[in-house]
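3D, please:
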Amino acid sequence: MVNKIFTIAAFIGVPLSIIGSLLHWSSILMFVIYCLTIISLSSFMGRATESLAIVAGPRIGGLLNATFGNAVELIIAIFALREGLTEVVLASLTGSVLGNLLLVAGLSFFIGGLKYKRQQFNVYDARHNSGLLIFAVIVAFVIPEVFTMNMNAEKTLSLSIGIAIILIVLYLAALFFKLVTHRGVYQVEKNGEHGHAHEETPEWSVKKSITILAIATLAVAYVSENLVHTFEVVAESFGWSELFIGIIIVAIVGNAAEHASAVVMAYKNKMDIAVEIAIGSTLQIAMFVAPLLVLVSLLFPSGMSLVFTLPELISMVTAVLLMVSISNDGETNWFEGATLLAAYAIMGIGFYLL
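A predicted model of the protein is given here:
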């Protein structure tokens, strides 16, 4: 039923997006249409990557889901950079970290915990990811903030470029570690998950899934370019700051595919995939997407430095420490999910009132 609704929304939303942009409809109306269209297209991306996950396994499946889910946000961010909206881009990166660690993981743990009293996932992956989270957010984002206090804009950008290159190299090394050199080394058998995983059949074939992913990504690219042009009018109309639009609105719309897929996986007790989507997506944002945007920004008149505001930094550090504390034992329940959701709600209220 839900899939049918998203399918109808996509087939209606894409033509409306094209017609509305050509006829210059109200920016507020188009903002709503663009957001709903991107969310509906993201559902296709989520279903396609879920089909690929069944064939490829939880690690690669979770990585694919996170990658194509983040592709939406990456596309939106590149168009925003072209328009000089660097604050919106930085805020959307913050929103992705908070959204994945607190909202996506929180919903997954909560919904899954309502069905199962105790859910388990690979504790070795959790501990490995915890170290990377601390490095990516605290070391790579917070430490540079200290050094840039006495730097001019040129030196700050140079530092950001250096950090971006290091982050990308380490992220690629982390993938090589998990998928090649140490693939299958740290495996944990859990009751109730591996026993029936082989019986599940994918919704779509590999060829059809890849085709749908490609078409949906192209459609999202077109809609996202137009969405960016509505930000200023919407912000003025509703009294929202660029910070709030980036952290809450863009992050939720851009990560819609991951939100849905992670919750569905948790409800099916496939916590390895759910956790890989939530935490793996965060690592990809912090260690690959954000650095890549720094390098891409060099193609535009105003370069983007990895310098966040104090509320953004404190929020990201808090989210990382909370997730590390909750996930390091390799199991979760609905109350831990509620804790993550409560933290996200508190931060959302704070950013709205800024």
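
May I ask which helix or strand encompasses the closest residue in space to Phe44 that isn't next to it in sequence?
Computed as Cβ to Cβ, 6 or more residues apart in numbering, the closest residue to Phe44 that is not its neighbour in sequence is Ala216, at 4.6 Å. C-beta: built from backbone N, CA, C; applies to glycine. Secondary structure from DSSP states H and E places Ala216 in helix 206-228.

gap between that helix and the chain center?
Put simply, helix 206-228 sits 16 Å off its chain's centre (Cα atoms, centre = their mean, to the nearest Å).

Next, the angle from the helix or strand following that helix to helix 206-228.
Later in the chain than helix 206-228, the nearest helix or strand by DSSP H and E is helix 231-238. In terms of direction (axes from the mean of the first three to the mean of the last three Cα atoms, to 10 degrees), helix 231-238 departs from helix 206-228 by 60 degrees.

now what about helix 231-238, what contacts it?
Ser27, Ile28, Phe31, Ala80, Leu85, Val88, Trp240, Ser241, Glu242, Ile245 (Cβ atoms under 8 Å, 6 or more residues apart in numbering).

give me the number of residues near the residue nearest to the first one when sequence neighbours are not counted?
Right, Ser27. The shortest distance from Ser27 to any non-neighbouring residue, by Cβ to Cβ, 6+ apart, is to Val233 (3.9 Å). Counted by other Cβ atoms under 10 Å, the residues lying close to Val233 total 14.

And the pLDDT for Val233?
Listed pLDDT for Val233 reads 87.

distance of it from Ser241?
For Val233, the distance to Ser241 (Cβ to Cβ, to the nearest Å) stands at 14 Å.

Also Ala338?
Distance of Ala338 to Ser241, computed by Cβ to Cβ: 28 Å.

And the helix holding Ala216, what does it pack against?
Other helices and strands packing on helix 206-228, by 3 or more Cβ pairs under 8 Å, 6 or more residues apart in numbering; DSSP states H and E, are helix 2-23, helix 27-56, helix 58-82.

among these, which is nearest Val324?
Among the helices and strands packed on helix 206-228, helix 58-82 comes nearest to Val324, with 18.4 Å by Cβ to Cβ.

After the lowest-mean-pLDDT helix or strand in the chain, which helix or strand is next?
Ranked by mean pLDDT, DSSP states H and E, the weakest helix or strand in the chain is helix 251-254, scoring a mean of 75. The helix or strand immediately downstream of helix 251-254 is helix 256-267, counting by DSSP H and E.

Report all helices and strands that that next one contacts.
Short answer (3+ Cβ pairs under 8 Å, 6+ apart): helix 256-267 packs on helix 27-56, helix 58-82, helix 105-115, helix 271-284.

per-residue pLDDT, the closest residue in space to Ile134 that isn't next to it in sequence?
Nearest residue to Ile134 in three dimensions, chain neighbours excluded: Val320, at 6.3 Å (Cβ to Cβ, 6+ apart). For Val320, the pLDDT comes out at 94.

try the one 3 residues further on
For Met323, the model assigns a pLDDT of 93.

Could you list the buried residues of whatever helix or strand it lives in?
Counting by DSSP H and E, the element that carries Met323 is helix 310-327. Across helix 310-327, burial judged by 16 or more other Cβ atoms under 10 Å covers 312-313, 315-324, 326-327.
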